[in-house]
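Peer 1: Take a look and give me a structure for this.
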Amino acid sequence: MDKVDLTNAIYHNNDAAREHFEALLWPDGPECPRCGVGEDRITKLKGKSTRPGVYKCKDCRKPFTVTIGTVMERSKVPLCKWILAAQLMASSKKGMSALQLQRMIGTNYETAWFLFHRLRECAVEHDPGPIGGENKVVEIDETYVGGKARNARLGKPVPKKEAVLALVEREGKVRSFHITNVNSKTLRPIIVKTASRKSYLMTDEHRVYPGIGKEFAGHGTVNHSAKEYVRGTFWHSNSAESYFALLKRGVYGSFHNVSEAHLHRYLAEFDFRYNTRKDTDAERTDALLIGAKGKRLMYYQPREATDA
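Peer 2: Numbering: from 1, shown residues only. Modelled structure (predicted):
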């Protein structure tokens with residue numbers, strides 16, 4: 001892990017944080033979030049009564065800041081704390097709970113919970129294309145998260161196990177999905193949309209896969225029910241197993257339990273973490289912040305959440 005200087009002003013000073021965020025979202029200069037015009041049609045507002053970082057579009061004639069149209073819009077949390085929270089999330093190898101974030105940035109639990117869920121939306125890829133392709137292998141597997149038996153021993157309700165489907169391109173990206181059940185009606189639409197038809201699929205011997213595999217360049221299997229996970233150097237699902245190991249370390253080690261309603265956001269976080277595994281922490285943080293663009297959220301239910 002690369003060393004990040006947490007004394008950097010962007011984590012403690014709002015003006016420095018704003019300038020950093022502007023450089024990430026506007027590499028070619030300010031642009032209007034409403035009509036999309038560039039720097040030559042924008043004026044930076046100045047004056048004693050104007051707060052720093054306010055611009056005005058000459059076309060739509062509306063003022064704006066860099067946070068308009070992002071998950072930070074209208075947030076009362078200082079922007080420097082947003083930047084710090086993004087850095088802490090991006091540099092954590094198995095995730096960080098809202099309770100830990102609360103302690104580290106000095107806020108209440110509800111704010112920390114809301115911050116992290118907004119940042120998880122930043123991790124969602126915008127309009128991603130299919131993974132795999134010609135001469136590439138896409139591993140497909142499913143697992144279950146939640147429902148630890150230790151809760152029953154402690155007299156607590158046992159959370160329902162939730163099914164997760166993952167498609168992993170070898171040496172490439174992962175896409176994971178919270179699914180209601182493991183049958184062809186549920187799996188096929190996801191698989192044919194997510195993986196290129198030119199891909200070679202590698203799955204276990206579940207009965208749903210042979211029919212789907214016929215729609216792709218090829219299809220191989222390993223027999224998980226017989227404890228077969230590797231056969232030679234080609235027949236394996238090591239990439240999918242590696243992703244699931246990362247996911248479960250986070251779910252059980254950092255969050256302990258995640259609610260069904262928000263599981264898709266946790267999956268987005270771990271997809272992002274896996275897909276940027278070769279990046280430095282600084283590069284991963286910048287990518288997460290850039291993902292804030294165009295993703296304003298409008299929900300308030302932290303007190304209803306059971307996940308950390």
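Peer 1: which residue ranges form the strands in the stretch 1-150 of the chain?
Peer 2: Under the criterion DSSP state E, counting those that start in this stretch, the stretch 1-150 of the chain carries strands at the ranges 42-44, 55-57, 63-64, 137-145.
Peer 1: mind putting the ones you listed in JSON lines, distance to residue 185 and mean pLDDT included?
Peer 2: Backbone N, C-alpha and C define where each C-beta goes, glycine included. What follows is those, written out as JSON lines (distance: least, C-beta to C-beta, whole Å; pLDDT from 0 to 100):
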{"stretch": "strand 42-44", "distance to residue 185": "50", "mean pLDDT": "95"}
{"stretch": "strand 55-57", "distance to residue 185": "48", "mean pLDDT": "96"}
{"stretch": "strand 63-64", "distance to residue 185": "45", "mean pLDDT": "96"}
{"stretch": "strand 137-145", "distance to residue 185": "14", "mean pLDDT": "95"}
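Peer 1: most packed of the ones you listed?
Peer 2: Across the strands of the stretch 1-150 of the chain, averaging neighbours per residue (mean count of other C-beta atoms under 10 Å) puts strand 137-145 on top, at a mean of 22.
Peer 1: Let me see the contact set for the closest residue to residue 290 other than its chain neighbours.
Peer 2: Nearest residue to residue 290, sequence neighbours excluded (C-beta to C-beta, 6 or more residues apart in numbering): residue 24, at 5.4 Å. Applying C-beta atoms under 8 Å, 6 or more residues apart in numbering to residue 24 gives the contacts 286, 289-290.
Peer 1: Give me the helix or strand of this structure that scores worst on average pLDDT.
Peer 2: helix 150-153 (a mean of 50; mean pLDDT, DSSP states H and E).
Peer 1: and the next element down the chain from that one?
Peer 2: Counting by DSSP states H and E, the next helix or strand C-terminal to helix 150-153 is strand 162-169.
Peer 1: tell me the angle that following strand makes with strand 137-145.
Peer 2: Between the axes of strand 162-169 and strand 137-145, defined by axes from the mean of the first three to the mean of the last three C-alpha atoms, to 10 degrees, the angle is 160 degrees.
Peer 1: Give me the average confidence score over strand 162-169.
Peer 2: Mean per-residue pLDDT for strand 162-169: 97.
Peer 1: try stretch 182-191
Peer 2: Averaged across stretch 182-191, the pLDDT comes to 96.
Peer 1: Check what contacts that stretch and list those residues.
Peer 2: By C-beta under 8 Å, 6+ apart, stretch 182-191 touches 140, 142, 163, 165, 167, 177, 179-180, 201, 206, 208, 211-212.
Peer 1: just curious, which of the residues you listed is nearest to residue 68?
Peer 2: Lowest distance from residue 68 to the contacts of stretch 182-191 (C-beta to C-beta) belongs to residue 177, with 31.1 Å.
Peer 1: part of a strand, is that closest one?
Peer 2: Yes: looking at residue 177 with DSSP: H, G, I helix; E, B strand; the rest coil, it is inside a strand.
Peer 1: Can you give me the neighbour number for it?
Peer 2: Each residue near residue 177 was counted by other C-beta atoms under 10 Å, and the total is 19.
Peer 1: now the closest residue to residue 11 other than its chain neighbours: how far from residue 106?
Peer 2: The spatial neighbour of residue 11 that comes closest, neighbours along the chain excluded (C-beta to C-beta, 6+ apart), is residue 84 at 4.3 Å. Residue 84 sits 10 Å away from residue 106, going by C-beta to C-beta, to the nearest Å.
Peer 1: same thing with residue 143?
Peer 2: From residue 143 across to residue 106, the span is 36 Å (C-beta to C-beta).
Peer 1: Check residue 277 too.
Peer 2: Distance, residue 277 to residue 106, using C-beta to C-beta: 30 Å.
Peer 1: coming back round to it: most neighbours out of the contacts of residue 24, which is it?
Peer 2: residue 289 (23 neighbours).
Peer 1: Where does it sit, in terms of helix or strand?
Peer 2: If you go by DSSP H and E, residue 289 is part of helix 281-290.
Peer 1: How about residue 201?
Peer 2: Applying DSSP H and E as the criterion places residue 201 in strand 200-203.
Peer 1: For that strand, list every residue counted as buried.
Peer 2: Buried residues in strand 200-203, counted by 16 or more other C-beta atoms under 10 Å: 200-203.
Peer 1: can you check stretch 119-133 too?
Peer 2: 119-124, 130-133.
Peer 1: Touching, residue 57 and residue 36? I think so.
Peer 2: No: under the criterion of C-beta atoms under 8 Å, residue 57 makes no contact with residue 36, lying 9.4 Å away.
Peer 1: Let me see the confidence value for residue 223.
Peer 2: 76.
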